[in-house]
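[1] Provided below are the primary sequence and the corresponding predicted coordinates.
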Amino acid sequence: MNRYLSFVVAVLAMIYLSTTAFQCGSAETTSAKLYMQQKQYDKAEASLIKEVTKNERNAEAWFLLGQVRLEMKKYHEMNEAYARALAIDTVHKADISRNRLAVWAMMYNDGVNLYNKGRDTAAYYDEALQKFSTAIEMQPDSSTTYYVRALGYYAKQDMNAAAADLAMCLKLSPASEDAARLLGQIHYNRSIERLQAKDEAAANAEMAKAVQAFEAAYAANPGSADNITNLIDVYERTKASDKAMKLTRTAVEQDPKNKVFRYAYGVFLLKQEQYAEAIAQFEKAVELDPNYIDAVYNLGVSHLNWGVSMKAEADKKLEEERAKNKGKSKEVKEDLSYREQFKLALPYLEKAAMTRDEDAALWQQLGKLYLNLNMKDKAQEAFAKFDKLTKGK
């Protein structure tokens with residue numbers, strides 16, 4: 001991008017030299033050209049304003065006014081002058097297009113740099129948004145600029161503005177995967193908020209928009225695990241499990257050696273509490289890629305959740321048996337078969353923890369698992385790690 005920007009600036013210099021030669025015209029225009037050569041841009045602007053006030057159909061004067069304002073970095077006013085020039089005559093169209101493109105590139109780059117600084121100092125986000133807005137004015141068909149401005153609004157928690165820019169980005173570029181995914185996340189979060197506020201109608205409307213956005217992201221990149229799992233989630237929440245089943249099962253059938261599809265199908269089955277079937281899919285994914293940590297982790301979670309389910313069922317039966325035999329000498333034996341699932345879960349979760357060392361929830365999960373397996377020292381270490389990661393939060 002920097003090389004491209006340097007090229008545009010060089011073009012601007014040539015345009016300036018080629019448009020300031022003396023030609024026949026009004027006294028104001030002639031004076032303005034002289035002022036421009038002397039770099040007295042404020043005086044040049046004043047002369048040109050006099051000229052276009054007297055003769056608003058003077059395309060050259062409007063164009064020169066745009067050139068002067070470009071030098072003065074008054075980009076909004078520059079663009080207005082260019083628009084007036086083009087409305088009268090297209091003779092300067094190529095020059096105007098190059099100048100607008102140059103300003104767009106500068107504003108875009110400046111905006112990105114300021115956005116990156118905003119990660120450390122939030123005040124920079126406002127400056128970044130101003131730059132992006134100017135860039136959009138120069139190139140209103142640039143979908144990428146709407147996307148980066150949406151990121152700025154998102155960073156400032158202005159979700160309405162972010163969503164509007166993301167929608168515009170997708171209108172201009174329907175295959176923009178990142179924009180679709182972020183828009184889906186915004187609507188998804190809104191839906192959860194509305195649900196918590198007991199506004200079911202608004203929650204459903206937002207979730208429907210999330211589905212639409214996540215479907216667009218999936219259409220742009222059907223091989224993305226994030227896109228598939230996001231769709232599974234919203235399909236589940238909108239009671240469209242049949243769509244989630246078709247999405248994942250069909251993907252696996254069409255490409256059984258695709259670890260992402262195996263993983264996604266496993267996630268769906270895990271959500272359905274079909275533990276054995278989920279484990280089979282995650283095992284296939286890990287077989288295809290032993291270092292596929294998301295699959296390794298969910299393989300452990302599947303065994304763990306299955307064990308938790310078995311334990312709950314065992315505890316229920318134990319209580320029933322004890323109630324039935326209350327007052328009798330008959331000993332009621334506890335069903336500990338669930339521990340086998342816990343043992344199977346352990347190595348996968350430990351392997352995941354080696355990569356996801358900063359995942360506090362995982363360490364808490366491991367701590368509880370160690371306790372259930374009477375591994376007290378390991379449990380103490382895991383809980384200590386959890387406490388360290390969550391201290392002050």
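    On my side now, so go ahead. Residues are numbered from 1 along each chain as shown.
[2] from now on I want contacts and neighbour counts done on CA atoms only, so please keep to that.
    Will do.
[3] helices and strands of this protein: which one bottoms out on pLDDT?
    Lowest mean confidence among the helices and strands of the chain (mean pLDDT, DSSP states H and E): helix 2-18, at a mean of 35.
[4] now the helix or strand following that one, how far from the chain's geometric center?
    Sequence order places helix 27-37 as the next helix or strand after helix 2-18, per DSSP states H and E. Relative to the chain's own centre, helix 27-37 is displaced by 50 Å; criterion: CA atoms, centre = their mean, to the nearest Å.
[5] cool, stretch 316-324 as well?
    Using CA atoms, centre = their mean, the offset of stretch 316-324 from its chain centre is 51 Å.
[6] quick check: Asp255 vs Glu334, distance?
    Going from Asp255 to Glu334 by CA to CA, to the nearest Å gives 44 Å.
[7] can you tell me which residues contact the nearest residue to Ser173 once chain neighbours are set aside?
    Excluding the flanking residues, the one nearest Ser173 by CA to CA, 6 or more residues apart in numbering is Ser143, at 6.1 Å. For Ser143, the contacting residues are 168-170, 172-173, by CA atoms under 8 Å, 6 or more residues apart in numbering.
[8] narrow these to those that are buried.
    Neighbour counting over the contacts of Ser143 (16 or more other CA atoms under 10 Å) leaves 168-170, 172 as the buried ones.
[9] reformat these as TSV; add distance to Asp158.
    Putting the buried ones among the contacts of Ser143 into TSV (distance: CA to CA, whole Å) gives the following:
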residue	distance to Asp158
Met168	16
Cys169	17
Leu170	19
Leu172	22
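[10] which one of those is nearest Asn109?
    Nearest to Asn109 among the buried ones among the contacts of Ser143, counting by CA to CA, is Cys169 at 18.1 Å.
[11] now that closest one: how far from Lys209?
    16 Å.
[12] equivalent analysis for Asn189, please.
    Distance of Asn189 to Lys209, given as CA to CA: 11 Å.
[13] give me the low-pLDDT residue ranges for the stretch 251-393 of the chain?
    Scanning the stretch 251-393 of the chain for pLDDT under 70 picks out 327-332, 392-393.
[14] what's the helix or strand for Met107?
    Per DSSP H and E: helix 93-118 holds Met107.
[15] packing partners for the next helix or strand after that helix?
    Once the chain leaves helix 93-118, the next helix or strand it forms, by DSSP H and E, is helix 124-138. With contacts taken as 3 or more CA pairs under 8 Å, 6 or more residues apart in numbering; DSSP states H and E, helix 124-138 sits against helix 75-88, helix 93-118, helix 143-155.
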